[in-house]
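> Predicted structure and sequence below. I'll ask about it afterward.
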Amino acid sequence: MSARLRRTPVSLCALTTAALINVGPIVQAAEVPSYCAELKQVASLVLLRDKFASIIGAPRAGNFLDAKITLPGWDDCSFYGMRTYTCDSQGFKTADEGNAAHGRVVEEVKSCLRGGWTEDESRASPAYVVLRDARQSASITINTDLTEKGEHVVRLILFLRSG
């Protein structure tokens, strides 16, 4: 009987440990988005002499260029000229869905870039947020938009500031 009692606490301890190990990545995934590594990589280029040159690809229609680094889960990442990196979220059917996604994306981006970027609350509105890097050399805008297909998207734009 005592052998059985000894096994039960060990089993409960093992199960509790396994549960905590399995919950850890879930909590962490909610704090840092799946596209964080790529976003950090693109954002870090604003500090280099050549800026975005190493990740600008082939020309597209108009003044757009392919991006060699795209954000996983985002659509149509590209450059507008040589100074502006842009990506759209997946499309949403309603404005409410787009606005909810906007709020999530803002929190995800702030979590991902914490420490080096801060929100400029003087430029904010419910559907438009501006983040600035610590050196004031670049900004990120996160806003909602309506596509030609009638879908609501969240648009992330990282651009070099004048100077």
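Received, thanks.
> Not counting residues beside it along the chain, what's closest to residue 52?
Excluding its sequence neighbours, the residue lying closest to residue 52 (C-beta to C-beta, 6 or more residues apart in numbering) is residue 45, at 5.5 Å. The way it works is simple: take the backbone N, C-alpha and C, and place the C-beta from them, glycine included.
> If you count neighbours, what's buried in stretch 72-89?
For stretch 72-89, a neighbour-count test (16 or more other C-beta atoms under 10 Å) marks 74, 77-79, 84-89 as buried.
> Which of those fall within helices?
Judged by DSSP state H, the buried residues of stretch 72-89 include no members of helices.
> shouldn't the residue nearest to residue 52 be in contact with residue 55?
Yes: taking contacts as C-beta atoms under 8 Å, residue 45 lies within contact range of residue 55: 6.8 Å.
> Could you count how many residues lie near the nearest residue to residue 137 once chain neighbours are set aside?
Excluding the flanking residues, the one nearest residue 137 by C-beta to C-beta, 6+ apart is residue 46, at 5.3 Å. Under the neighbour criterion other C-beta atoms under 10 Å, residue 46 is assigned a count of 21.
> Compute the distance between residue 46 and residue 126, please.
For residue 46, the distance to residue 126 equals 27 Å [C-beta to C-beta, to the nearest Å].
> Surely residue 158 forms part of a helix?
No: counting by DSSP: H, G, I helix; E, B strand; the rest coil, residue 158 is not part of a helix but strand.
> can you pull the contacts of it?
By C-beta atoms under 8 Å, 6 or more residues apart in numbering, residue 158 lies in contact with 42-43, 46, 84-86, 138-140.
> measure the residue nearest to residue 137 to residue 153 for me?
Residue 46 is 24 Å from residue 153, by C-beta to C-beta.
> try residue 61
19 Å.
> cool, residue 97 as well?
With C-beta to C-beta as the criterion, residue 97 and residue 153 are 10 Å apart.
> Specify which residue of these two has the higher count of neighbours.
Taking other C-beta under 10 Å, residue 97 and residue 153 do not tie; residue 153 has more neighbours (23 against 14).
> Give me the neighbour count for residue 162.
Residue 162, neighbours per other C-beta under 10 Å, totals 6.
> Residue 130 now?
18.
> can you check residue 68 too?
For residue 68, the tally of surrounding residues (other C-beta under 10 Å) stands at 14.
> Name the nearest residue to it, sequence neighbours excluded.
Computed as C-beta to C-beta, 6+ apart, the closest residue to residue 68 that is not its neighbour in sequence is residue 55, at 4.3 Å.
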